[in-house]
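Undergrad: Quick one: sequence plus predicted model below, questions after.
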Amino acid sequence: MCVLFPEGFSLSGGHDSLHQVVYVSDINPKSVAATEGHLQLLDIIHYVNGVSTQGMTLEEVKRALDMSVSSVVLKATRYCASVRGG
């Protein structure tokens, strides 16, 4: 499941998903999110407007974002795949 937001990004995951985190699954290239440039694909969203996403389903995160009146503040970390040399 994936949820698209008017700011031009999509989130996937949630507590009831395989990895139990909420992450950025898509960014519309012509959106505010893309122009602003801070979000990247696979960024893990930890807070929405100061509220922790830990233990939230994707639907609960969507509700938290929908409650935002004029702005959205996300706290995220960048996903980095580890690369092992051989």
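TA: All right, it came through fine. Keep in mind the model is a prediction, meaning the values are calculated, not measured.

Undergrad: need the helices for this protein, in chain order.
TA: With DSSP state H, the ranges of helices along the chain come out as 32-36, 58-66.

Undergrad: Pick the most buried one from the ones you listed.
TA: Of these, the one with the most neighbours on average (mean count of other CB atoms under 10 Å) is helix 58-66, at a mean of 16. C-beta coordinates here come from the backbone N, C-alpha and C atoms, glycine included.

Undergrad: Adjacent strands (with direction) for the helix or strand of the chain with the lowest mean pLDDT?
TA: When the helices and strands of the chain are scored by mean pLDDT, DSSP states H and E, strand 2-4 comes last with a mean of 72. Counting by DSSP bridges, the strands paired with strand 2-4 are strand 9-13 (antiparallel).

Undergrad: Please produce TSV containing the helices of the chain, extended by mean pLDDT and distance to Pro6.
TA: What follows is the helices of the chain, written out as TSV (pLDDT from 0 to 100; distance: least, CB to CB, whole Å):
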stretch	mean pLDDT	distance to Pro6
helix 32-36	88	9
helix 58-66	91	9
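
Undergrad: So which of these is nearest Phe9?
TA: Comparing these against Phe9 with CB to CB, the closest turns out to be helix 32-36 (4.3 Å).
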